[in-house]
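**Q** Next comes the sequence, and after it the predicted model I'd like to discuss.
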Amino acid sequence: MPRIAIDMDEVVADALAEYLSRYNADFEEKLTKQDLLGKRLADLVPSEHWPRLDAYFDDEQFFRNLEVIDGSQEVIRELAEHYDIYIVTAAMEIPCSLAPKFEWLQRHFPFIPPDNYVFCGNKGIVAADYLIDDSVYQLERFQGQGILYTSPRNINETRFPRVNDWNDVREMFLRKPVLAGTA
Ligand SMILES: [Mg+2]
């Protein structure tokens, strides 16, 4: 079966919502994902707030209770009937996220075996047919077909096929065999 590698943050786990909610609580702001179109949070906030932004990721609680992105569980379950599914996350950027991410996957995606978790750095090393990711940086390095999962920051990127939500993923891989090869 063809292999699909799936990113975690902003693809199955809503890390951005947690990031914004911590920032808004700490600085009495009301920033939303809409405010972040084409930008990073650091582009919008005063530079004296940047150390606090970095510190959110040093807290291992950050990754424990992230919301699941809508539709991801159902669609990945369907995809798993036709594709080998791997969860591939650049966890090395934030070493304290390793255990929380492992536990989060066990809790929310119990049908994906831990053998199919890949905690890595550069995803260019991953030998999958497809990578669904919101990170342009990772898609540029990936050797297979990259699929850009829309997040506010990547909204202006045009080099990769784009999916806006998990319904789009279902369409791309299960309804239209254009990219899906043997599916
Ligand atoms: Mg991501």
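**A** Alright, I've got the coordinates. Bear in mind the structure is a predicted one, so any value in this text is a computation, not a measurement.

**Q** Please tell me how far R77 sits from the ion.
**A** 20 Å (CB to the ion, to the nearest Å). Just so you know, the C-beta spots here come from the backbone N, C-alpha and C atoms, and that holds for glycine as well.

**Q** Quick check: what element follows the longest helix along the chain along the chain?
**A** In the chain, taking DSSP state H as the definition, the longest helix is helix 15-27. Moving toward the C-terminus from helix 15-27, the first helix or strand encountered (DSSP states H and E) is helix 41-44.

**Q** elements contacting the helix or strand containing E74?
**A** Taking DSSP H and E as the criterion, E74 maps to helix 72-79. Counting by 3 or more CB pairs under 8 Å, 6 or more residues apart in numbering; DSSP states H and E, the packing neighbours recorded for helix 72-79 are helix 166-170.

**Q** And N116, its phi and psi?
**A** Dihedral pair for N116: phi -100, psi 20, per degrees, to the nearest 10.

**Q** For the closest residue to it other than its chain neighbours, which residues are in contact?
**A** Setting aside the residues directly before and after it, N116 is nearest to Y86 in space (CB to CB, 6 or more residues apart in numbering), at 4.8 Å. Contact partners of Y86, counting by CB atoms under 8 Å, 6 or more residues apart in numbering, are R3, I4, A5, I6, N116, Y117, V118, V126, A128.

**Q** Below-threshold pLDDT in this structure: ranges please.
**A** For the chain, applying pLDDT under 70 flags the ranges 176-183.

**Q** can you list the residues of it near the ion?
**A** Contact residues, the chain versus the ion (CB under 5 Å from the ion): D7, D9, E10, D134.

**Q** measure the third one to I76 for me?
**A** Applying CB to CB, to the nearest Å, the value for E10 to I76 is 15 Å.

**Q** three-state assignment of I87?
**A** Secondary structure for I87, judged by DSSP: H, G, I helix; E, B strand; the rest coil, is strand.

**Q** Could you do I132 as well?
**A** The three-state label given to I132 by three-state DSSP is strand.

**Q** Who does it form a beta bridge with?
**A** On the basis of DSSP bridges, I132 is bridged to I6, I147.

**Q** Cool, thanks, signing off.
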